[in-house]
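Colleague: Let's see this in three dimensions:
(one chain, ligands or ions: 1)
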Amino acid sequence: MEFTKMHGLGNDFLVFYGMKQLLGQAAELAVRYCDRHFGVGADGLVFILPSETADFRMVIINSDGTEAEQCGNAIRCAAKYVYDNGHINRTDITIETLGAGVQPVTLAVENGKVKTVRVDMGAPILEGRLIPTTLDGSEIIDRPVEVEGETFRFTGVSMGNPHAVIYVEDAPMYDVHTWGPKLEKHPLFPRRTNVEFATVTGPERIEMRVWERGAGPTLACGTGACATLVSSVLNGLTGRSAWVGLAGGDLFIEWNAEDNHVYMTGPAETVYRGELAV
Ligand SMILES: N[C@@H](CCC[C@H](N)C(=O)O)C(=O)O
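Modeller: Presented below is the predicted three-dimensional model:
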């Protein structure tokens, strides 16, 4: 069973082209093969499948076996995969995801290979119950969440998947392992949540570290970067576009005031092809 190891800023995936027949066992495959000691090692699995509404459909399985509705770094990897492997010869394509529907994707090609990808990530979802959280409100901005006696202030944003953005003094030095897992599973988040710890360092720059729902500490989170930019605009901390610095590198994020869509631009890399011993 062939797979391709790819990553977006170190957020890494085992990519399967087609293989719809594997979806029934995808959770078990993810737990087994995402393990960085007993398996290949990855933050998740990505299945690239046919779509009736877009050029392709993408299914994302976290390393804990849960399905994610959306995945920014993975969508850039999937776009690179289909172009570099000759499944499409256009640089303007569409990819369908569970959480954001049909997403326009623009490829920047160098020497016949995709180098960077710009993705229309769609409109952020801000309504409390739709993020989802257990809170009422058209926007969830700077709200308290208490865990084991500690109170954090978060802003809730969904990019198709849920995010809780918390501002801290020095994000690159913040230990996401201490509170990330507790906040991920807090009852305030009915579908759990990704947790972003962010520091705004300028009008167009945010540092962010992430504890991901279903994957834990990753080097980058594309939807998390989008959620962090949206949160920073809502909190009056940045303009509507900024570089988001992650442990694995930078993403450029824009929240367009005219169409209310969030746009993410960043790289995608192919590492190697392999064969699972199943
Ligand atoms: N790293 C991804 C997010 C993957 C899904 C996330 N773990 C979730 O369950 O929502 C990204 O780049 O967005």
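Colleague: Please enumerate the helices of this structure.
Modeller: Here the chain has its helices, by DSSP state H, at 26-33, 72-84, 176-184, 222-234.
Colleague: how about the residues of the stretch 51-200 of the chain near the ligand?
Modeller: When proximity is defined as Cβ under 6 Å from any ligand atom, the stretch 51-200 of the chain approaches the ligand at 60, 62, 68, 71-73, 161, 194. Just so you know, the C-beta spots here come from the backbone N, C-alpha and C atoms, and that holds for glycine as well.
Colleague: Reformat the helices of the chain as CSV; add mean pLDDT, mean neighbour count and distance to Leu107.
Modeller: Converted to CSV, those look like this (pLDDT from 0 to 100; neighbours: other Cβ atoms under 10 Å; distance: least, Cβ to Cβ, whole Å):
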stretch, mean pLDDT, mean neighbour count, distance to Leu107
helix 26-33, 97, 18, 26
helix 72-84, 98, 27, 6
helix 176-184, 98, 18, 31
helix 222-234, 98, 28, 16
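Colleague: Let me have those helices in a markdown table, adding distance to Phe56 as columns.
Modeller: Output for those, formatted as a markdown table (distance: least, Cβ to Cβ, whole Å):
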| stretch | distance to Phe56 |
| --- | --- |
| helix 26-33 | 17 |
| helix 72-84 | 6 |
| helix 176-184 | 29 |
| helix 222-234 | 17 |
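Colleague: chain center to stretch 51-70: distance?
Modeller: 11 Å (Cα atoms, centre = their mean, to the nearest Å).
Colleague: May I have it as CSV, with CA atoms only?
Modeller: Coordinates of each C-alpha in stretch 51-70 appear next as CSV, following Å, rounded to 0.1, in the frame of the first residue of the first chain:
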residue,chain,number,x,y,z
SER,A,51,-15.2,14.6,-5.9
GLU,A,52,-18.5,15.4,-7.5
THR,A,53,-18.2,19.1,-6.8
ALA,A,54,-14.5,19.8,-6.9
ASP,A,55,-11.3,18.5,-8.7
PHE,A,56,-10.6,16.4,-5.7
ARG,A,57,-11.9,15.6,-2.2
MET,A,58,-9.6,15.4,0.9
VAL,A,59,-10.2,13.4,4.0
ILE,A,60,-8.0,14.1,7.0
ILE,A,61,-7.4,11.6,9.9
ASN,A,62,-5.6,12.8,13.0
SER,A,63,-2.9,10.7,14.5
ASP,A,64,-5.3,9.7,17.3
GLY,A,65,-7.6,8.2,14.6
THR,A,66,-10.3,11.0,14.7
GLU,A,67,-11.4,12.7,11.5
ALA,A,68,-10.8,16.4,11.2
GLU,A,69,-13.1,18.6,9.2
GLN,A,70,-10.4,20.7,7.8
